[in-house]
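A.B. asks: generate a structure from the sequence data that follows.
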Amino acid sequence: MKKEQNKIPRIREMPLSFNIMCDLSDACAPEHLRIMAEAGFKYAYLEWHYWDGEQWDKPTPPDTGFKLMDRFRKRIKPNSLHIPVVFQDWKIDACSCLEKIGRLVDIGGRFGVKLLTLHPFPAEIDLTRDLYVSEAKAIREYEKALCEVIFAACRKAEKAGISLTIENNLYGYLYDIAGLLRIIKKVGAANLGVCLDTGHANVAGLDIPQAVRELGPHLFETHCNDNFGWFKRKSRPETGDLHRPPGIGTINWVKVITAMNEIGFAGPVNFELNRCKFDGDDFRKMAFLTYHNWRMFEKIAQVYPADFV
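C.D. replies: Prediction:
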């Protein structure tokens, strides 16, 4: 009889998506997409503000952007559109917000994305300074208007086959998983989920693997990136939201991936990095390092999980 050889377990590899980090009409865009495909990424994560500058004077990205993604579609497909610029004030203008989201649903449909990511919190954290009311009352009023807008937006997105996700904040309003799940429950739309930004969660001091487990089926997508948590530099506060590749920070990715496997998260895993904060403009190095590190963490999580969990 032949001796049975130790079988190496088949590793579950999630599909991966990388942010292109430039305007789709820039000269570097085709090269970035080629590098992403060469590194192994199958999907591209698009960011609205790269072509719009976080303003609303351009109704759509340039036609060259659509043509470029169509050209690369066999190698790399857009899967998510990040739109962090809708809710800019604690006093929500429902008509304006819905008009913006509707426009972006149309743009997302043209790209063929399945997910649109919203920041459900404005840039201004100090509610009482502008509204002159108690913080609790301001949050109640804001959240009521927010949920009404998101519900209407979900209905619009559903017709286009698109789901909306809300992203966790760095601190303050909606930094916590309980808050995000509260919004999901209040809206009550099947095509509304959460985008877990691991960098934000690490800065906020959350237990990221536990956050993944608590989100469960409501985890629709990720913005995966690494950092060293909250820190101070030269006696002034810094958020520490560095957007570095996995492994260049303090997040335990083996535990995160283990939690993702436990809930059956199918991906794609979106990576949201910032080339200005890691090794200059070396896009190739970041893309290959991100892909390699993630695949290694996946192997460790499935072959030797007991050593790390």
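
A.B. asks: only C-alpha atoms from now on, for both contacts and neighbour counts.
C.D. replies: Fine.

A.B. asks: starting at the chain centroid, how far to the host helix or strand of Ala37?
C.D. replies: Using DSSP states H and E, Ala37 maps to helix 29-39. Helix 29-39 sits 20 Å away from the centroid of its parent chain (Cα atoms, centre = their mean, to the nearest Å).

A.B. asks: what's in contact with it?
C.D. replies: 18, 20, 22-23, 42, 44, 68, 72, 75-76, 283-284, 287-288, 291 (Cα atoms under 8 Å, 6 or more residues apart in numbering).

A.B. asks: now do that helix, average pLDDT.
C.D. replies: Across helix 29-39, the average pLDDT comes to 93.

A.B. asks: what is the neighbour count of Ala160?
C.D. replies: Ala160: 17 surrounding residues under other Cα atoms under 10 Å.

A.B. asks: where's the residue lying closest to it once chain neighbours are set aside, which helix or strand?
C.D. replies: Excluding its sequence neighbours, the residue lying closest to Ala160 (Cα to Cα, 6 or more residues apart in numbering) is Gly109, at 6.3 Å. Using DSSP H and E, Gly109 sits in helix 94-111.

A.B. asks: for His223, same thing?
C.D. replies: Judged by DSSP H and E, His223 forms part of strand 219-223.

A.B. asks: what's the answer for Lys255, then?
C.D. replies: Remark: Lys255 resides in helix 253-263, with elements defined by DSSP H and E.

A.B. asks: so for stretch 187-195, what gets flagged as buried?
C.D. replies: Neighbour counts over stretch 187-195 (16 or more other Cα atoms under 10 Å) mark 187, 189, 191-195 as buried.

A.B. asks: quick one: pLDDT of Arg236?
C.D. replies: Looking at Arg236, its pLDDT is 50.

A.B. asks: how about Phe265?
C.D. replies: 96.

A.B. asks: tell me how far the nearest residue to Val254 once chain neighbours are set aside lies from Pro217.
C.D. replies: Among residues not flanking Val254 along the chain, Ala301 sits closest, at 5.0 Å (Cα to Cα, 6+ apart). According to Cα to Cα, to the nearest Å, Ala301 and Pro217 sit 21 Å apart.

A.B. asks: comparing the two, which residue is more hemmed in?
C.D. replies: Remark: of Ala301 and Pro217, Ala301 carries more neighbours, 24 against 13, as counted by other Cα under 10 Å.

A.B. asks: surely that one forms part of a helix?
C.D. replies: Yes: using DSSP: H, G, I helix; E, B strand; the rest coil, the assignment for Ala301 is a helix.

A.B. asks: on that earlier part again, give me the buried positions along the helix holding Gly109.
C.D. replies: 94, 97-98, 100-102, 104-109, 111.

A.B. asks: for Ala145, state which of these is nearest.
C.D. replies: Nearest to Ala145 out of the buried residues of helix 94-111 is Ala94 (Cα to Cα; 7.4 Å).

A.B. asks: checking the residue lying closest to that closest one once chain neighbours are set aside next. Helix, strand or coil?
C.D. replies: What sits nearest to Ala94 in space, not counting adjacent residues and going by Cα to Cα, 6+ apart, is Val149, at 6.0 Å. What three-state DSSP gives for Val149 is helix.

A.B. asks: now do the contacts for Val149.
C.D. replies: 94, 97-98.
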